[in-house]
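S.K.: Below is the sequence, then the predicted model.
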Amino acid sequence: MKKALFVLIALSVVALVSCGGENIKPTGNKVVDELNTKLSTVTITGFPSGKESSNATWDLKLTMAIPVVKEVLPRVPGGWVLQVTGHSDAEGGITSADNYKLSAARAKMVYDRLIQKGVRDPKLTQKGVAGTMMSGKCGKMGACQRRVSFRIVAK
């Protein structure tokens, strides 16, 4: 009974943090590709339209992402960085200046919280990409587009 309850809780946690729908493009580096697959499970969603802040669920999702980020950072190969990537939906234009500003603010907020929680590494960076990297989980205006994801990118 306890084992079944544990499995149910574990599956619920995975469902809670893995709703980003990131399209993972292979880099040609086996280690980086494996790390990006792992990082794709901890996308942070729950950002309201036009806002950089989020609801209470956001903090839980960030708390769940921290162990994965801490595990991945030491494995990031030279010449690569772990990027905290802020995203926006298409409201106002996929590449509008406002959406770049908003997505950068979301990335910075998560990046700053990681630092506050003790995740410090020179390979940790941040970037806002507006709506240029749409999730396949919903439409261009959908809530799943308003997210922060983690991925290994070339330095």
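M.R.: Perfect, thanks for sending it.

S.K.: Show me what secondary structure element comes after the longest helix seen in the chain.
M.R.: Secondary structure of the chain read by DSSP state H shows that its longest helix is helix 97-116. Once the chain leaves helix 97-116, the next helix or strand it forms, by DSSP states H and E, is strand 124-128.

S.K.: Alpha carbons of stretch 114-125, as CSV, please.
M.R.: Provided in CSV are the C-alpha atoms of stretch 114-125 (Å, rounded to 0.1, in the frame of the first residue of the first chain):
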residue,chain,number,x,y,z
LEU,A,114,18.0,29.7,-7.8
ILE,A,115,20.8,31.9,-6.5
GLN,A,116,18.9,32.6,-3.3
LYS,A,117,18.3,28.8,-2.9
GLY,A,118,22.1,28.2,-3.1
VAL,A,119,22.4,27.2,-6.8
ARG,A,120,25.5,29.1,-7.8
ASP,A,121,27.6,28.2,-10.7
PRO,A,122,29.4,30.2,-13.4
LYS,A,123,27.7,27.9,-16.0
LEU,A,124,24.3,29.2,-15.0
THR,A,125,22.9,31.9,-17.3
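
S.K.: Report the rounded mean pLDDT for it.
M.R.: In this model, stretch 114-125 has an average pLDDT of 96.

S.K.: Same check on stretch 77-93?
M.R.: Stretch 77-93 comes out at a mean pLDDT of 96.

S.K.: List the buried residues for that stretch?
M.R.: Residues of stretch 77-93 classed as buried by neighbour count (16 or more other Cβ atoms under 10 Å): 80-92. Just so you know, the C-beta spots here come from the backbone N, C-alpha and C atoms, and that holds for glycine as well.

S.K.: again, but for stretch 97-115
M.R.: Neighbour count says stretch 97-115 has 99-100, 102-111, 113-114 buried, by 16+ other Cβ under 10 Å.

S.K.: Give me the contacts around it.
M.R.: For stretch 97-115, the surrounding residues in contact (Cβ atoms under 8 Å, 6 or more residues apart in numbering) are 44, 47, 50-53, 62, 66, 69, 84-88, 91-93, 124-131, 146-148.

S.K.: Show me which of these are buried.
M.R.: By 16+ other Cβ under 10 Å, the contacts of stretch 97-115 give 44, 47, 52, 62, 69, 84-88, 91-92, 124, 126-131, 146-148 as buried.
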